[in-house]
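J.: Below are the sequence and a predicted model; questions follow.
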Amino acid sequence: MARITMRYVVFVLILVIISLTAYISFNNSFKTRPSKLSQKLNGTKSIEKTAARENLTPSFNIRGKAVSLRSTTVSPLNVTLKQKSLLPVSAYPPKVLRHNVTQWKTLLHPSYARTSTVLTRTATLWQNENNVCNLDTGDFVKATLRSPAGNTPIYVYSTAVDQWVSGNIINQGIWERGGVQLMYHFMKTHVDADFVDLGANLGVYGLTFAKMGRRVVLIDPLLDNVKRLCKSVREGQFPNEVYVIHNAISNKRFKVGFGKYKGNVGGTFVKEVTSADAVVTSTDTEVAQAVLLDDLLEIFNFTKVIMKIDVETHETRALLGGDRFFSTVDVTVMQLEWNAHKKDGSEIIKFLTKHNMKPHNPSVNGAALDINAFDKWPGDILWKKV
């Protein structure tokens with residue numbers, strides 16, 4: 001009996017020892033077992049340490065996708081509100097405000113740049129018009145423009161058709177030498193300015209500045225001028241952007257016809273076309289589309305410009321269609337033909353004064369002009385930003 005009792009006691013003691021051992025082992029395992037989050041964090045630290053030794057960028061998975069801890073291109077849209085990201089806040093890119101971003105790097109919108117030489121705007125949209133560059137009818141006269149920036153090819157008319165502008169270019173290599181030299185000075189002074197020429201004619205000014213390597217926009221409504229401008233631009237092989245716009249510029253969009261003088265293509269002026277005009281149905285009379293100066297901002301990325309406006313009495317209406325242009329672009333210097341406005345230049349004066357410009361004599365250090373004596377101003381004047 002004593003032997004049985006002793007065996008029973010030993011058996012119970014063994015069970016107790018086994019139970020205590022199992023309990024102690026389980027308790028220690030529970031205390032030292034890492035949580036899932038700890039495992040992720042410890043694993044990330046381990047990855048970072050390994051990456052530091054091997055000069056690698058540490059990464060881990062979110063939704064099965066590898067994400068770099070040093071990434072600056074991870075979008076917060078990849079992380080739901082229910083899931084807290086392991087990325088530091090600094091890993092997300094800052095928000096970029098639209099007004100801090102340049103619209104495009106080229107002067108002309110990328111959808112046209114490098115493919116267009118000539119563009120035109122209808123009443124509703126811009127379109128490429130490079131086809132006019134191939135319309136040499138055999139009456140183009142090739143001459144050499146001897147500009148302050150160097151010589152370049154220029155296509156003109158015969159002297160029988162255009163005795164003044166073409167005649168001077170053929171015989172002397174230049175037209176309006178003093179005006180070109182003056183604007184050349186301002187283009188050299190303002191090295192960040194583009195050149196915009198309203199009433200480009202054969203392009204003496206614009207081709208000069210294109211030869212300097214500057215960005216140039218030549219605007220003219222007369223098709224025969226546009227064809228010659230395109231050929232001059234392409235043969236000039238200029239290092240920067242040069243474009244020809246085949247439109248008239250006015251204060252509204254409408255169709256224009258032309259008044260011409262025999263032997264003086266440079267004196268061509270625009271006139272509004274109505275449905276009652278015979279010019280609409282005439283097969284030998286050209287019609288063009290007038291657009292706004294503001295319309296240029298749809299495709300051109302202007303910041304600072306120097307301008308010339310010589311549109312044969314249409315200067316007032318050309319300017320009045322450019323309120324947004326003058327409000328958003330730094331028009332620093334502008335040469336304007338004044339002969340047609342000596343009787344009443346009040347609208348031009350009011351418009352340009354509103355845009356912080358003042359009239360000056362046409363010289364490098366020309367004195368300011370009295371706005372109350374505009375009838376005595378010279379034939380060409382300079383407007384300068386103040």
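T.: Perfect, I can see it now.
J.: Can you pull out the low-pLDDT segments for the stretch 51-200 of the chain?
T.: Scanning the stretch 51-200 of the chain for pLDDT under 70 picks out 51-103.
J.: And the most centrally placed residue in the chain, its phi and psi?
T.: The chain has residue 301 as the residue nearest its centroid, 2.0 Å off, counting by Cα atoms, centre = their mean. Per-residue torsions, residue 301: phi -100, psi 60 (degrees, to the nearest 10).
J.: Quick check: phi and psi at the residue nearest to residue 200 when sequence neighbours are not counted.
T.: In this structure, residue 200 finds its nearest non-sequential neighbour in residue 218, 3.9 Å apart by Cβ to Cβ, 6 or more residues apart in numbering. The way it works is simple: take the backbone N, C-alpha and C, and place the C-beta from them, glycine included. Phi and psi for residue 218, reported as degrees, to the nearest 10, are phi -110, psi 120.
J.: Residue 218: neighbouring residues, count only.
T.: Residues lying near residue 218 (other Cβ atoms under 10 Å) number 29.
J.: Who does it form a beta bridge with?
T.: Following DSSP bridges, residue 218 is listed with bridge partners residue 197, residue 244.
J.: Now do the residue nearest to the centre of the chain against residue 154, distance only.
T.: Per Cβ to Cβ, to the nearest Å, residue 301 is found 27 Å from residue 154.
J.: Doesn't residue 225 belong to a helix?
T.: Yes - per DSSP: H, G, I helix; E, B strand; the rest coil, residue 225 lies within a helix segment.
J.: From the structure, what's the count of residues near it?
T.: When neighbours are counted by other Cβ under 10 Å, residue 225 comes out with 24.
J.: how near is the spatially closest residue to it that is not a sequence neighbour to residue 222?
T.: Distance criterion Cβ to Cβ, 6+ apart; nearest residue to residue 225, sequence neighbours excluded, is residue 201 at 6.0 Å. Residue 201 sits 8 Å away from residue 222, going by Cβ to Cβ.
J.: just to revisit the earlier point, tell me how far the residue nearest to the centre of the chain lies from residue 345.
T.: 32 Å.
J.: Same question for residue 243.
T.: According to Cβ to Cβ, residue 243 stands 30 Å off from residue 345.
J.: residue contacts, the nearest residue to residue 126 once chain neighbours are set aside?
T.: Once flanking residues are discounted, residue 126 sits nearest to residue 299: 5.4 Å by Cβ to Cβ, 6+ apart. By Cβ atoms under 8 Å, 6 or more residues apart in numbering, the contact list for residue 299 reads 108, 109, 112, 119, 126.
J.: Out of these, which is nearest to residue 149?
T.: Nearest to residue 149 among the contacts of residue 299: residue 108, at 21.7 Å, using Cβ to Cβ.
J.: The nearest residue to residue 236 once chain neighbours are set aside and residue 183, how far apart?
T.: In space, and not counting its chain neighbours, residue 236 is closest to residue 152: 4.8 Å by Cβ to Cβ, 6+ apart. Distance from residue 152 to residue 183, counting by Cβ to Cβ: 16 Å.
J.: give the contact list for the closest residue to residue 246 other than its chain neighbours.
T.: Leaving aside its sequence neighbours, residue 246 sits nearest to residue 120 (Cβ to Cβ, 6+ apart; 4.2 Å). By Cβ under 8 Å, 6+ apart, residue 120 lies in contact with 126, 127, 129, 245, 246, 247, 289.
J.: One more: residue 165?
T.: 156, 175, 201, 202, 204, 265, 266.
J.: Next, count neighbours for the second one.
T.: In other words, residue 175. For residue 175, the count of nearby residues is 21 (other Cβ under 10 Å).
J.: rewinding a little: just the residues contacting the host helix or strand of the residue nearest to residue 236, thanks.
T.: Taking DSSP states H and E as the criterion, the element that holds residue 152 is strand 150-156. Applying Cβ under 8 Å, 6+ apart, the external contacts of strand 150-156 come out as 140-145, 162, 165-166, 169-170, 173, 202-204, 207-208, 210-211, 228-229, 231-232, 235-236.
J.: How about stretch 339-358?
T.: Contacts for stretch 339-358 (Cβ under 8 Å, 6+ apart): 312-313, 315-316, 319-320, 323, 326-327, 331, 334, 336, 338, 359, 368-369, 371, 374-377, 379, 383-386.
J.: Those, buried ones only, as a PyMOL selection?
T.: Those of the contacts of stretch 339-358 that count as buried under 16 or more other Cβ atoms under 10 Å are selected in PyMOL with:
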select buried, resi 312+315+316+319+320+323+326+331+334+336+338+359+369+374+377+383+384
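J.: which residues touch the residue nearest to residue 243 when sequence neighbours are not counted?
T.: Among residues not flanking residue 243 along the chain, residue 217 sits closest, at 5.3 Å (Cβ to Cβ, 6+ apart). Contact analysis of residue 217 by Cβ under 8 Å, 6+ apart lists 107, 194, 195, 196, 197, 206, 242, 243, 245, 296, 300.
J.: what's the helix or strand for the third one?
T.: Using DSSP H and E, residue 195 maps to strand 194-198.
J.: ok, then the element right after that strand?
T.: Next along the chain after strand 194-198, taking DSSP H and E as the criterion, comes helix 204-211.
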